[in-house]
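Student: this one's structure only:
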């Protein structure tokens, strides 16, 4: 009986805190919308656009998707200098030969192919191997996954967001899973990325604490990479590097109009494996930041707890538990409020992206349904991922 009461108390506290954070996000979005209506800020532009080095690591990537990635980079509308480093991480298929053929054609941008002798087993190691090859006057390092297609204006918009503050160490755009009409699994992932997570990331960007710079399309100041180091020592390099930068007092930017379409897992096993790795990476990143500066890490704790609540205590399951197990009106009411606040954030995110992503009225309904479903489906993956990190299980099998 006492254990049941204690667990109810813990759940009520966690979900109550998460609900408070969601409410603050909604209040902030309302205030920011009012501020923009009064001030009508102009679109950011730079007097001088920095020199961007693009790193594209690849390993046995399907040729068709990789060529789409390269074509998108070639057609990027960016007014500054660009160099592109294609990092072959020990591929054993015909992709390197296809890339060499593609590079043999006249190109507008400068490309270099870097071939690593053997696969290192992790994307971060391939990125670190390419860092010494950067031009000495590189200003920004952009990482683009080999299965990701950026829109023509995305690089420019993301650079403008990065340079909107001298304290920004990194920036990211809106990552959109491609092929949402291919299957129910693709649809779930699409709405997850363009829903409340996008709205919350927008709020985080305005206060400089975006806590995940998605590795599929991310930008980093070169000088900060040289100061803090690269990515190779972590399982989930993008999350851990972001928290490391935040712990050092830097801020992170987000450009919602810098859109990148990426290929998402097409099987449930693949998605389960990915989210198990991501969950472990979130705990890993927390430990990394804590060792650097626990006071700054405490400032980021609300966002970590917000993720933990949605990942480990989905509101649908909590509503069932509150009604049948705990029989607690308080817990039931907080869980219901939590779901409705998340639904409002989903609604706002879809409304913000409706033009950019060509979304309609049906999407306003499906986004909350799909986010509720995927939270429940991925609960076991998140739990196992956290256990992996707590028990120190080996990391290599979760990479490649």
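Tutor: Alright, I've got the coordinates. Quick caveat: nothing in here was measured; it's all calculated off a predicted structure.
Student: where does the protein dip in pLDDT?
Tutor: Across the chain, the ranges flagged by pLDDT under 70 are 1-2, 41-43, 395-400.
Student: which residues in it form strands?
Tutor: 52-58, 82-89, 110-116, 140-144, 148-150, 168-177, 217-221, 251-262 (DSSP state E).
Student: contacts only, for the closest residue to residue 371 other than its chain neighbours.
Tutor: Leaving aside its sequence neighbours, residue 371 sits nearest to residue 195 (Cβ to Cβ, 6 or more residues apart in numbering; 5.3 Å). (Each C-beta comes from the backbone N, C-alpha and C, glycine too.) Shown in contact with residue 195 (Cβ atoms under 8 Å, 6 or more residues apart in numbering): 345, 346, 349, 350, 367, 368, 370, 371.
Student: and the two most separated of these?
Tutor: Longest distance between any two of the contacts of residue 195 is 14.0 Å, between 345 and 370; criterion Cβ to Cβ.
Student: more crowded one of those two?
Tutor: Between residue 345 and residue 370, counted using other Cβ atoms under 10 Å, the more crowded position is residue 345 (25 against 21).
Student: surely residue 50 is in contact with residue 142?
Tutor: No. With contact defined as Cβ atoms under 8 Å, residue 50 does not reach residue 142; the gap is 10.6 Å.
Student: and these two? which has more neighbours close in?
Tutor: The neighbour count for residue 50 versus residue 142, taken as other Cβ under 10 Å, is higher for residue 142 (25 against 18).
Student: for that one, give the beta-bridge partners.
Tutor: Counting by DSSP bridges, residue 142 forms beta bridges with residue 54, residue 219.
Student: how much space between it and residue 246?
Tutor: Going from residue 142 to residue 246 by Cβ to Cβ, to the nearest Å gives 20 Å.
Student: same question, residue 70
Tutor: Relative to residue 246, residue 70 is positioned 32 Å away (criterion: Cβ to Cβ).
Student: of these two, who's got more company?
Tutor: The residue with more neighbours, out of residue 70 and residue 246, is residue 246; 26 against 23, by other Cβ under 10 Å.
Student: that one and residue 252 touch, don't they?
Tutor: Yes. When contacts are counted by Cβ under 8 Å, residue 246 is listed as touching residue 252 (6.7 Å).
Student: overlap in contacts, the two.
Tutor: Residues touching both residue 246 and residue 252 (Cβ under 8 Å, 6+ apart) are 209, 211.
Student: ranking the contacts of residue 195 by neighbours, who comes first?
Tutor: When neighbours are counted by other Cβ under 10 Å, residue 346 leads the contacts of residue 195 with 28 neighbours.
Student: now for it: which residues touch it?
Tutor: 191, 195, 196, 199, 367, 368, 371.
Student: with residue 112 instead?
Tutor: Counting by Cβ under 8 Å, 6+ apart, residue 112 touches 83, 84, 85, 86, 133.
Student: circling back to that earlier point, could I get the contacts of residue 195 as a markdown table with distance to residue 119?
Tutor: Below are these laid out as a markdown table (distance: Cβ to Cβ, whole Å):
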| residue | distance to residue 119 |
| --- | --- |
| 345 | 40 |
| 346 | 39 |
| 349 | 37 |
| 350 | 39 |
| 367 | 38 |
| 368 | 41 |
| 370 | 35 |
| 371 | 35 |
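Student: which one of these is nearest residue 336?
Tutor: residue 368 (13.1 Å).
Student: what about the residue nearest to residue 249 when sequence neighbours are not counted, distance to residue 393?
Tutor: Of all residues not flanking residue 249 in the chain, residue 296 sits nearest, at 6.6 Å (Cβ to Cβ, 6+ apart). Between residue 296 and residue 393 the distance is 28 Å, computed by Cβ to Cβ.
Student: OK, contacts around the residue nearest to residue 188 when sequence neighbours are not counted?
Tutor: Nearest non-adjacent residue to residue 188, counting by Cβ to Cβ, 6+ apart: residue 374, 4.5 Å away. Neighbour list for residue 374: 188, 189, 191, 192 [criterion: Cβ under 8 Å, 6+ apart].
Student: so which of those wins on neighbours?
Tutor: Highest neighbour count within those: residue 191, with 26 neighbours (other Cβ under 10 Å).
Student: any idea how many residues pack against residue 184?
Tutor: 11.
Student: typo on my end, it should be residue 203
Tutor: Per other Cβ under 10 Å, the neighbour tally for residue 203 reads 21.
Student: swap in the one 4 residues further on?
Tutor: Around residue 207 there are 10 other residues, counting by other Cβ under 10 Å.
Student: ok, it to residue 302 distance?
Tutor: Following Cβ to Cβ, the distance that separates residue 207 from residue 302 is 11 Å.
Student: do the same with residue 157
Tutor: Separation of residue 157 from residue 302 (Cβ to Cβ): 28 Å.
Student: again, but for residue 316
Tutor: In terms of Cβ to Cβ, residue 316 sits 23 Å off from residue 302.
Student: these two: which is more packed in?
Tutor: Each of residue 316 and residue 302 has its neighbours counted (other Cβ under 10 Å); residue 302 has more, 16 against 13.
Student: hmm, residue 19 and the more buried one touching each other?
Tutor: No. Using Cβ under 8 Å, residue 302 makes no contact with residue 19, being 11.8 Å away.
Student: circling back: ranking by neighbours, what's the top pick from the contacts of residue 112?
Tutor: Scoring the contacts of residue 112 on neighbours with other Cβ under 10 Å, the highest-scoring entry is residue 86 at 25 neighbours.
Student: need the contact list for that one.
Tutor: Residues near residue 86 by Cβ under 8 Å, 6+ apart: 56, 58, 70, 99, 103, 111, 112, 113, 114.
Student: kindly report the same for residue 201.
Tutor: For residue 201, the contact set (Cβ under 8 Å, 6+ apart) comprises 210, 212, 254, 256.
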